[in-house]
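Novice: Sharing a model prediction with you, sequence too.
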Amino acid sequence: MLDTPRFTEITPTADIRGDRHGKRAKCLQRLVRMDLPVPQTVALPFDTVREIAEGALPDLSTLIGIFDGEPRLLSVRSSSETPDWGGPGAVLNIGMNDAAHAWLSNTLGDRVADALYLRFIRSYAIEVMRLDEAPFDTATTPLEARTVFEEEMDEPFPQDIATQLGAVLRAMARAWEGTSARLLRQAQGAPADAGLGLVVQRMAQGMGPGQSGSGVVQFVDPQTGAPQVTGRYLGQAMGRDAIRQPDKAMFLTRDPRGPSLEELLPEVYAELLEVGARCRTRLREEMQVEFTIDQGRLAVLDAVRCPRDARADVAIVTALARDGIIPRAEAVSRIAPAALARLLHRQIDPDARRDVIASGVAASPGAASGKLVFDPAAAQASLSRDEPCILVRRETTPDDVRGMHAADGILTERGGTTSHAAVIARGLGLPCVTGATGLRISDRARTVTLPGGAILREGDEITIDGSSGEVMRGTVPTREPALDDSFRDLMAWSDAIRDIGVRANADTLADATLARGFGVDGIGLCRTEHMFFDPARLTVMREMIFAEGPEDRAAALERLLPMQRADFTDLFRLMDGLPVCIRLLDPPLHEFLPGEGEGTRALAAALDRPLSEVKSRISAMQEYNPMLGMRGVRLGIAVPEIYEMQARAIFEATATVQSEGTPIVPEIMIPLVTARREVELVRRRIEGIAAAVRHETGVAFEFKLGVMVETPRAALRAGEIAETSAFLSFGTNDLTQMTYGLSRDDAGRFMSAYVNEGVYPEDPFGTLDVDGVGELLLLGAARGRQVRPDITISLCGEHGGNPESIAFCRLAGFDYVSCSPFRVPVAKLAAAQATL
Ligand code: PEP
Ligand code: MG
């Protein structure tokens with residue numbers, strides 16, 4: 001194998017590689033190949049820079065000899081493999097010395113020569129030699145600056161360009177190896193041995209007689225991505241001065257607010273537009289171009305991918321595809337799913353000032369501001385006054401759902417990514433921060449005590465950012481979501497590419513409408529318990545729970561039946577023939593009952609029973625471990641009338657909608673199964689109801705009965721369970737909880753410590769644990785398929801919206817994933833990317 005040369009001049013044919021010389025060097029070569037006026041440049045590969053850091057400088061006289069011209073002034077910039085990994089800042093004007101100063105004084109005048117020399121001495125002293133900045137503050141001439149340098153260093157200021165360049169290269173090479181630089185880039189995903197390349201470029205002076213200056217231009221609006229020339233130009237300046245001093249700099253395009261480069265130098269301006277257009281087609285990207293005008297002549301120093309917001313990114317990338325510059329599949333692959341998620345929600349304005357007072361788990365994305373309220377009634381009262389509010393709870397329970405509907409955001413002291421608050425908030429598209437463990441919430445005093453001891457009271461304004469987990473004081477400015485044509489194109493292209501279905505977890509018409517708007521393939525999980533939290537229904541539900549005997553219970557269920565029937569009829573109509581998977585009631589019944597106090601008294605009054613009786617019935621229903629207790633199919637077997645009512649409602653709705661001409665085959669899903677016998681018992685009753693409804697309505701409909709695999713045993717016994725199931729849907733929230741023996745509602749308390757200590761690589765409730773839970777998925781799917789090859793396999797836990805988990809499901813051959821409506825776009829994009 002041939003060794004890479006220790007440095008290479010960038011010419012159209014030179015062997016310059018992004019993975020050896022870095023992205024900047026590669027990009028500069030592309031600009032050279034496009035015949036743009038790029039000053040002479042030499043690239044140092046990663047290996048050379050590593051050797052320099054270790055003390056072995058290459059022969060600089062040969063390197064310097066490559067550059068012609070008088071005086072020989074050079075710049076050095078970093079060139080890492082990926083721009084996000086950073087790198088030390090540029091050093092300009094290397095080679096400035098007394099002789100260059102004299103030459104510049106003669107040709108460009110004393111002012112320019114002094115300014116360049118002063119600037120170089122300062123940056124050499126501070127950035128290269130690491131001297132303190134303060135003593136240089138008062139040095140306003142090169143002579144003064146040299147004196148300070150010589151006093152601090154006890155040696156003369158170097159006059160030799162090789163000495164200067166050697167020191168610069170060494171300082172930059174070592175800065176890259178420093179601990180903080182290493183940690184920063186590793187946080188951006190850089191490997192431990194990531195290399196740094198350096199590019200040495202001849203300076204194109206932006207200072208001198210005639211029209212000289214420098215600027216930065218981009219051809220799109222960085223916030224919207226719409227075509228628009230933006231940037232600044234500053235006369236008698238270099239580097240990024242024009243950006244650093246925007247009030248001194250001029251506009252590029254004509255602007256009523258002041259002079260512009262377009263008016264000052266129309267030909268150079270036209271040339272710049274041409275550079276932008278050529279970069280776009282040849283580099284297949286919107287670039288930000290750094291340029292210098294050297295006595296009226298344009299030089300292109302550098303071009304980087306235009307910095308941009310998520311919204312602009314989608315607009316830019318889809319426009320490149322629409323213009324035929326990149327294929328659609330590439331457009332799909334270029335958008336980061338996390339960036340798309342940001343687009344769907346209101347975001348904190350990145351330029352806004354933020355006073356962060358606490359942080360927790362980023363449980364449901366988006367930003368919201370409002371007054372603090374401490375209970376659901378106060379949230380509803382705020383809504384009626386049209387006053388935005390943030391509902392703060394230690395943790396939420398089904399009793400809070402109405403209040404959550406009324407609130408603009410949710411903040412809880414406990415919980416994690418799949419706790420009650422998180423799941424409901426994601427379903428509602430509400431920003432939510434859970435597990436803000438530093439907060440102390442007192443419902444009684446209606447206060448929140450912050451980590452530092454400060455106290456917030458009811459009515460105080462806060463802002464939460466459910467995308468970062470931050471809690472801020474006051475109202476922080478936000479940006480609206482942008483679901484424009486670019487977004488729609490991206491979704492349509494993802495749909496055309498992906499080969500795994502994406503359904504939504506939708507419980508209400510509002511969820512389902514939203515999901516259809518995002519173009520889902522169906523509903524993968526309708527959690528029917530969420531249909532009972534409306535106040536009128538909750539009372540009937542509670543009557544059913546408190547029924548003295550089968551007759552009373554039947555009477556209450558009789559009243560719930562038409563409500564459920566209407567729910568399903570509406571849902572089927574809305575979904576218009578797309579599959580709808582309905583889960584029978586899952587939570588323990590006491591979740592429908594009020595907690596202590598006022599609620600219990602109101603319930604006693606509503607039921608017309610003595611308070612003491614209501615209290616003792618509630619306490620008799622308490623369980624030590626409700627998530628492992630009387631819930632899911634256990635409820636269906638112990639109190640079969642509930643599932644029978646639900647099945648009847650589903651079938652009657654099916655008969656109605658089918659008679660209207662919409663074909664529908666409802667999917668009925670049994671939660672928390674552990675054994676085949678459970679499925680058989682439920683199946684027998686449901687088939688009986690189906691036969692009865694067919695007979696009563698005269699409509700011959702079909703249905704599918706399947707199982708939610710949420711317990712490790714169901715995954716292990718998937719073979720025999722499949723014998724009596726049309727589909728298996730992995731409920732990975734409970735399956736993760738049960739596989740780890742880790743409460744999804746309490747894990748937030750120690751999860752960050754666990755992840756920081758490397759016990760778990762990530763929160764397994766957010767990203768599927770491929771090694772453990774994933775193995776159960778593979779095993780369950782294989783055993784199920786062996787018995788019933790055409791069985792439908794899916795995942796409907798919160799992982800259904802997580803890109804890595806979606807890729808896993810696709811590889812495992814799952815038919816679809818199902819996630820909250822707001823996560824559907826991200827899931828579709830991730831599903832498409834998984835195929836590329
Ligand atoms: C699950 O357990 O993964 C699931 C989807 O059900 P729920 O979150 O309602 O328990
Ligand atoms: Mg579950």
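Specialist: Everything's here; your move. Ligands and ions are numbered 1, 2, ... in the order given.
Novice: State the phi and psi torsions of the closest residue to E798 other than its chain neighbours.
Specialist: Leaving aside its sequence neighbours, E798 sits nearest to T418 (CB to CB, 6 or more residues apart in numbering; 5.2 Å). Every residue, glycine included, has its C-beta placed from N, CA and C. Reported as degrees, to the nearest 10, the phi and psi values for T418 are phi -120, psi 20.
Novice: Tell me if I'm right that T418 and G731 touch.
Specialist: No. Assessed by CB atoms under 8 Å, T418 is found out of contact with G731, at 10.5 Å.
Novice: Now list whatever residues contact both of these two.
Specialist: Common contacts of T418 and G731 (CB atoms under 8 Å, 6 or more residues apart in numbering): G797.
Novice: Let me see the contact set for the residue lying closest to T475 once chain neighbours are set aside.
Specialist: Setting aside the residues directly before and after it, T475 is nearest to S369 in space (CB to CB, 6+ apart), at 4.1 Å. Contacts for S369 (CB under 8 Å, 6+ apart) come out as P388, I390, D408, G409, E461, I462, T463, I464, G474, T475, V476, T478.
Novice: ok, for R601, nearest residue in space, not its chain neighbours?
Specialist: Using CB to CB, 6+ apart and skipping the chain neighbours, the partner closest in space to R601 is L611 (6.1 Å).
Novice: Run a quick neighbour tally on that neighbour.
Specialist: 12 (other CB atoms under 10 Å).
Novice: cool, T107 as well?
Specialist: 13.
Novice: need the contact list for the residue of the stretch 651-800 of the chain found nearest ligand 2.
Specialist: Residue of the stretch 651-800 of the chain nearest ligand 2, by CB to the ion: D734 (3.7 Å). Listed by CB under 8 Å, 6+ apart, the contact set of D734 reads M627, L672, E710, T711, R744, G797.
Novice: tally of neighbours for L343?
Specialist: 22.
Novice: Residue numbers of this protein in contact with ligand 1?
Specialist: V423, L525, R527, D586, E710, G731, T732, N733, D734, C796, G797 (CB under 6 Å from any ligand atom).
Novice: quick one on the thing from earlier: for the contacts of D734, could you give me CSV that also reports secondary structure, neighbour count and distance to L557?
Specialist: Listed next are those as CSV, based on DSSP: H, G, I helix; E, B strand; the rest coil; neighbours: other CB atoms under 10 Å; distance: CB to CB, whole Å:
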residue, secondary structure, neighbour count, distance to L557
M627, helix, 16, 25
L672, coil, 24, 21
E710, coil, 27, 25
T711, coil, 23, 27
R744, coil, 25, 30
G797, coil, 30, 29
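Novice: ok, the residues you listed vs R202, which is closest?
Specialist: G797 (58.4 Å; CB to CB).
Novice: Could you tell me the per-residue confidence at that closest one?
Specialist: G797 is assigned 95 on the pLDDT scale.
Novice: residues touching it, list them.
Specialist: G797 sits in contact with T418, F730, G731, T732, N733, D734, L735, T736, where contact means CB under 8 Å, 6+ apart.
Novice: Wait, the third one touches C796, no?
Specialist: It stands for G731. Yes. Assessed by CB under 8 Å, G731 is found in contact with C796 at 5.9 Å.
Novice: what residues are shared contacts of those two?
Specialist: M708.
Novice: What parts of the stretch 701-836 of the chain come near ligand 2?
Specialist: E710, G731, D734 (CB under 5 Å from the ion).
Novice: and the last one, which of the three is it?
Specialist: Each residue gets one of three states, and D734 gets helix by DSSP: H, G, I helix; E, B strand; the rest coil.
Novice: where's it relative to D507, distance?
Specialist: Using CB to CB, to the nearest Å, we find D734 at a distance of 17 Å from D507.
Novice: same thing with the second one?
Specialist: The gap separating G731 from D507 is 15 Å, by CB to CB.
Novice: ok, these two, which is more surrounded?
Specialist: G731 (28 against 24).
Novice: can you list the domains in this structure?
Specialist: Annotated domains of the chain cover 8-202, 213-308, 347-479, 498-533+552-588+626-835 [automatic domain parsing].
Novice: and the first one, how far apart are its ends?
Specialist: In other words, domain 8-202. End-to-end distance for domain 8-202, by CA to CA, to the nearest Å: 14 Å.
Novice: That domain: how far from the chain's middle?
Specialist: Relative to the mean C-alpha coordinate of its chain, domain 8-202 is positioned 36 Å out (CA atoms, centre = their mean, to the nearest Å).
Novice: Show me what counts as buried in whichever strand or helix holds E641.
Specialist: Using DSSP states H and E, E641 maps to helix 640-659. Residues of helix 640-659 classed as buried: 641-658 (neighbour count, 16 or more other CB atoms under 10 Å).
Novice: Stretch 558-575 now?
Specialist: Here stretch 558-575 shows 559-561, 563-565, 567-569, 571-575 as buried, counting by 16+ other CB under 10 Å.
Novice: could these be laid out in TSV, adding pLDDT?
Specialist: Below are these laid out as TSV (pLDDT from 0 to 100):
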residue	pLDDT
R559	95
L560	95
L561	97
M563	95
Q564	96
R565	97
D567	95
F568	98
T569	98
L571	97
F572	98
R573	98
L574	97
M575	97
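Novice: Okay, now the unreliable bits of the stretch 1-150 of the chain?
Specialist: Along the stretch 1-150 of the chain, the model assigns pLDDT under 70 to residues 1-3.
Novice: contacting residues around whichever residue of the stretch 501-650 of the chain sits closest to ligand 1?
Specialist: In the stretch 501-650 of the chain, the residue found nearest to ligand 1 is R527; the distance is 5.2 Å by CB to the nearest ligand atom. Shown in contact with R527 (CB under 8 Å, 6+ apart): N505, D507, R583, D586.
Novice: Could you tell me the per-residue confidence at the first one?
Specialist: pLDDT recorded at N505 is 96.
Novice: what are the bridge partners for it, then?
Specialist: L525 (DSSP bridges).
Novice: right, and it touches C796 too?
Specialist: Yes. Taking CB under 8 Å as the definition, N505 is a contact partner of C796 at 6.2 Å.
Novice: what do these two both touch?
Specialist: G524, L525, S818, C819.
Novice: tally of neighbours for the residue lying closest to the third one once chain neighbours are set aside?
Specialist: Distances taken as CB to CB, 6+ apart place G524 nearest to S818, at 2.4 Å, with adjacent residues excluded. Other residues within reach of G524 by the criterion other CB under 10 Å amount to 29.
Novice: ok, now how distant is G524 from ligand 2?
Specialist: Taking CB to the ion, to the nearest Å as the measure, G524 falls 13 Å from ligand 2.
Novice: Which parts of the stretch 151-300 of the chain are strands?
Specialist: 196-202, 213-220, 227-235, 250-251, 287-294, 297-305 (DSSP state E, counting those that start in this stretch).
Novice: what's the closest of the residues of the stretch 701-836 of the chain next to ligand 2 to D154?
Specialist: Distances from D154 to those, taken by CB to CB, are shortest for D734, at 70.6 Å.
Novice: Now do stretch 674-688: everything it contacts.
Specialist: Here stretch 674-688 makes contact (CB under 8 Å, 6+ apart) with 584, 633, 636-637, 640, 643-644, 647, 668, 670, 673, 703, 705, 707, 711, 713-714, 717, 720-721, 723-725.
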